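S.K.: Got a predicted model here, sequence first, then my questions.
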Amino acid sequence: MPFPWDENEFPVIQRLFAYALTGEYTVMRLYRMLKDDWKFRTSTRGRLGGTPLSYVSVYSMLRNPFYAGTIVWNGELYPGRHTP
């Protein structure tokens, strides 16, 4: 499931993917950069949000083929119509 990033959060997430694509960083290091170095927090909506993403969320996001521009349908990968 895609994450609903807003225009303030998107550049940080885009930078996270750029670092991940270098192959020089583990998911744990990327998670710590996002949380500790960049101080990334989720959007606040009412009483919810304002917290760091969990390690599992970062890992799941980086493994999700949707962000590479593909869609999984019935266990098969298909090119999506969205911008990767």
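M.R.: Now that the structure is in, tell me what you want to look at.
S.K.: Give me the most central residue, the chain.
M.R.: Closest residue to the average C-alpha location of the chain: Met61 at 4.3 Å, with CA atoms, centre = their mean.
S.K.: who's in contact with the host helix or strand of it?
M.R.: Using DSSP states H and E, Met61 sits within helix 55-63. With CB atoms under 8 Å, 6 or more residues apart in numbering as the test, helix 55-63 has contacts from 3, 13, 16-17, 20, 27-28, 30-31, 34, 53, 67. C-beta: built from backbone N, CA, C; applies to glycine.
S.K.: Would you map the strands across this protein?
M.R.: 70-73, 76-79 (DSSP state E).
S.K.: Which secondary structure elements does the last one sit against?
M.R.: What that stands for is strand 76-79. Taking 3 or more CB pairs under 8 Å, 6 or more residues apart in numbering; DSSP states H and E as contact, the helices and strands that strand 76-79 lies on are strand 70-73.
S.K.: Each with direction, which strands does the strand it packs on pair with?
M.R.: According to DSSP bridges, strand 70-73 forms sheet pairs with strand 76-79 (antiparallel).
S.K.: I'd like the distance from the partner strand to the chain centre, please.
M.R.: Chain-centre distance of strand 76-79: 20 Å, with CA atoms, centre = their mean, to the nearest Å.
S.K.: Just the closest of the contacts of helix 55-63 to Arg45, please.
M.R.: Nearest to Arg45, judged by CB to CB, of these is Phe3 at 13.4 Å.
S.K.: Can you show me the helices along the chain?
M.R.: Applying DSSP state H to the chain gives helices spanning 10-22, 27-32, 55-63.
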